[in-house]
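Student: With the input below, show me the fold.
(one chain, ligands or ions: 1)
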Amino acid sequence: MTAFPEGFLDGVGGMVTGWAWLPADPARRLRVEVRFAPAEGDFHGGDHPEVALPVEAVAGQPRADLAATGKGDGCYGFTVPVPALFAGREHRVNVRLPDFPEARLLGTPRTAIVVLAPVILRTLEPNREDVDRLCGFLAEAVRLNGGTAATAVPDAAKIHGWAAASDRCWLVAERRGRIVGQCRVGPEWPVEPGTAALALGIELHPDVRGFGLGRELMMAAYRWAAGRCARMELAVLPHNARALRLYRALGYADLGPVPFPGTGEIHRRMAIPLPPYRPFGGVTLLV
Ligand SMILES: CC(C)(COP(=O)(O)OP(=O)(O)OC[C@H]1O[C@@H](n2cnc3c(N)ncnc32)[C@H](O)[C@@H]1OP(=O)(O)O)[C@@H](O)C(=O)NCCC(=O)NCCS
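Tutor: Sure thing, here's the model as predicted:
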């Protein structure tokens, strides 16, 4: 059993939710300190103090999902309402464990976004600066989930080659000068070599999920791929409810189970037929 705490910041917005526990001492309920701070560029000119506002809580709420995955009695959840000072405003959220000052909760820090727009959807530029920015986004996404960027992020040369090739594309979503989402289309698993299909993979930063941006990126990828291949395919884990719902709504058909090469983890393989050429010239979303 590890002597270090484990946990995750699940959600920000109206309520901050997450969990934390100490596997070596499952009966203990950990103290958490949720820190709220103004988002960059917010509160300018107002009379709000530019300081972080800490709110303490105890991670002791029952969570069926934690119990179901063998985490003690599952009573390690916490919920903290957003203080009035930050309600309805974009703000940063971090979580600390006062009794474990060295520990970092996975999924932290986050930004609670109220209004997403404007967001620009465009293809990745095959230059060093843009490729480095995408690498930074991919590494941050891995770090938030507790993975190691060195093994999970494609190297810059591969990304550059992808951006420069004409038979594949890498789309990015940009908000306030930062990449917040990516969607790549190309000849990869689960597409079988030699077929007239391209594979699609998509990921958004957790802060921008649930605003409809995934749908817009998928539609941009669809327009790019139309006329270039007969259909697009993707693979999705069966428990990824949000992604499945999006893919079904867009018209992807379920082609059955497919194991991930190497690990054998079972995914659902899905596909959508493509119409002839539809121009993709980049989009600015104003939603
Ligand atoms: C999957 C993902 C790309 C979807 O993008 P998104 O912008 O968050 O999704 P959208 O806002 O467009 O919503 C898609 C649908 O899911 C629904 N949805 C939102 N939150 C949901 C949730 N927690 N559970 C189930 N469905 C949910 C939305 O209501 C919407 O359906 P609707 O149009 O019928 O209302 C994005 O959430 C993501 O990057 N997730 C993590 C990485 C990932 O799973 N990638 C896909 C791997 S195959």
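
Student: Tell me who's in contact with the closest residue to N145 other than its chain neighbours.
Tutor: Closest residue to N145 apart from its sequence neighbours, by C-beta to C-beta, 6 or more residues apart in numbering: L106 at 6.6 Å. Where you see a C-beta, it was placed from the backbone N, CA and C, and this is true even at glycine. Residues in contact with L106 (C-beta atoms under 8 Å, 6 or more residues apart in numbering) are 6-9, 144-146.

Student: One more: T284?
Tutor: By C-beta under 8 Å, 6+ apart, the residues touching T284 are 118-121.

Student: With A196 instead?
Tutor: 229-231.

Student: so how far is P187 from it?
Tutor: 10 Å (C-beta to C-beta, to the nearest Å).

Student: V82 now?
Tutor: Taking C-beta to C-beta as the measure, V82 falls 45 Å from P187.

Student: more neighbours, these two?
Tutor: Between V82 and P187, counted using other C-beta atoms under 10 Å, V82 has the larger neighbour count: 21 against 16.

Student: partner residues bridging R31?
Tutor: Per DSSP bridges, the residues bridged to R31 are V58.

Student: residues touching it, list them.
Tutor: Per C-beta under 8 Å, 6+ apart, neighbours of R31: 56-59, 97-99.

Student: got the CA positions of the helix or strand in which E129 is found in PDB?
Tutor: For E129, the enclosing helix or strand under DSSP states H and E is helix 128-144. The C-alpha trace of helix 128-144 is given here as PDB (Å, rounded to 0.1, in the frame of the first residue of the first chain):
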ATOM      1  CA  ARG A 128       8.500  24.600 -35.100                       C
ATOM      2  CA  GLU A 129       6.500  27.000 -33.100                       C
ATOM      3  CA  ASP A 130       3.100  25.500 -33.800                       C
ATOM      4  CA  VAL A 131       4.400  21.900 -33.400                       C
ATOM      5  CA  ASP A 132       5.900  22.800 -30.000                       C
ATOM      6  CA  ARG A 133       2.600  24.300 -28.900                       C
ATOM      7  CA  LEU A 134       0.700  21.200 -29.900                       C
ATOM      8  CA  CYS A 135       3.400  19.000 -28.100                       C
ATOM      9  CA  GLY A 136       2.800  21.200 -25.000                       C
ATOM     10  CA  PHE A 137      -0.900  20.700 -25.100                       C
ATOM     11  CA  LEU A 138      -0.600  16.900 -25.500                       C
ATOM     12  CA  ALA A 139       1.900  16.800 -22.600                       C
ATOM     13  CA  GLU A 140      -0.400  18.800 -20.400                       C
ATOM     14  CA  ALA A 141      -3.300  16.400 -21.200                       C
ATOM     15  CA  VAL A 142      -1.200  13.400 -20.200                       C
ATOM     16  CA  ARG A 143       0.100  15.100 -17.000                       C
ATOM     17  CA  LEU A 144      -3.500  16.000 -15.900                       C
END
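
Student: name the helices or strands packed onto it?
Tutor: Judged by 3 or more C-beta pairs under 8 Å, 6 or more residues apart in numbering; DSSP states H and E, helix 128-144 is in contact with helix 149-152, helix 156-164, strand 169-175, strand 178-186.

Student: who in the stretch 151-287 of the chain is up against the ligand?
Tutor: 202-204, 209-215, 234, 236, 240-243, 245-246, 249 (C-beta under 6 Å from any ligand atom).

Student: What degree of burial does R245 show, as a neighbour count?
Tutor: R245 has 10 nearby residues by other C-beta under 10 Å.

Student: quick one: it is in a helix?
Tutor: Yes: under DSSP: H, G, I helix; E, B strand; the rest coil, R245 sits within a helix.

Student: Quick one, grab the pLDDT at it.
Tutor: pLDDT, R245: 97.
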